[in-house]
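Novice: predicted model follows, preceded by the sequence.
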Amino acid sequence: MQIKNLHAFIETLPSFLEMLGEDVAVAVIDVRTMDVLANVNGIKLKTRFEVGMKVDLNEGIEKVIRTKKPFVSITPPHAFGVPAKGIVTPVLDEQSEVVAIVILVKNLELENNIQEVASTLSSSMSQLNEGMETLLLVPRIYLVLLTRP
């Protein structure tokens, strides 16, 4: 993503995240200094970052800087207290050089719960369908028995 005014982007982050209406947390890191420039925590999601702290260059961040492409990962519940999806996105300057990265973490708890309910409903519908087929077979069996000489 190319941002001409990183400061303005950072200033609007809290309002933008509030408009989303989802549990997300975002951090912005300057790749030249590896300092955290911004950190906005979500409802349940809290990052381990604080503005001004230094961030260690890990494999995921290094890959995003090198490839200039986003990196997506699913994190287990123990990392943030809930299942989450992490997206690390490079911020490019006018020369297409990575100047910052945006780390967005999205709470997947609701999506996982909806998926479980959908799976349960699907299973229940299958069982109901099997029961209906059985009920429809019973009259046929009696009809066959009644029509036998």
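Specialist: Yes, it's here.
Novice: tell me which element Asp63 falls in.
Specialist: You called it Asp, but residue 63 is Lys. For Lys63, the host element (DSSP states H and E) is helix 59-67.
Novice: identify the bridge partners of the most centrally placed residue in the chain.
Specialist: In the chain, the residue lying closest to the centroid (C-alpha atoms, centre = their mean) is Lys85, at 3.4 Å. In this entry, Lys85 is beta-bridged to Ile74, Lys106, by DSSP bridges.
Novice: hang on, the earlier thing: for the helix holding Lys63, which helices and strands make contact with it?
Specialist: Contacts defined by 3 or more C-beta pairs under 8 Å, 6 or more residues apart in numbering; DSSP states H and E place helix 59-67 against strand 71-75, strand 84-92, strand 98-107. For every residue, glycine as well, the C-beta is placed using N, CA and C.
Novice: got the CA coordinates for that helix in PDB?
Specialist: This file holds the C-alpha atoms of helix 59-67, laid out as PDB (Å, rounded to 0.1, in the frame of the first residue of the first chain):
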ATOM      1  CA  GLU A  59      11.100 -13.600   9.800                       C
ATOM      2  CA  GLY A  60       7.600 -12.400   8.800                       C
ATOM      3  CA  ILE A  61       8.500  -8.700   9.000                       C
ATOM      4  CA  GLU A  62      11.800  -9.300   7.100                       C
ATOM      5  CA  LYS A  63       9.800 -11.200   4.300                       C
ATOM      6  CA  VAL A  64       7.300  -8.300   4.000                       C
ATOM      7  CA  ILE A  65      10.200  -5.700   3.700                       C
ATOM      8  CA  ARG A  66      12.100  -7.900   1.200                       C
ATOM      9  CA  THR A  67       9.100  -8.900  -1.000                       C
END
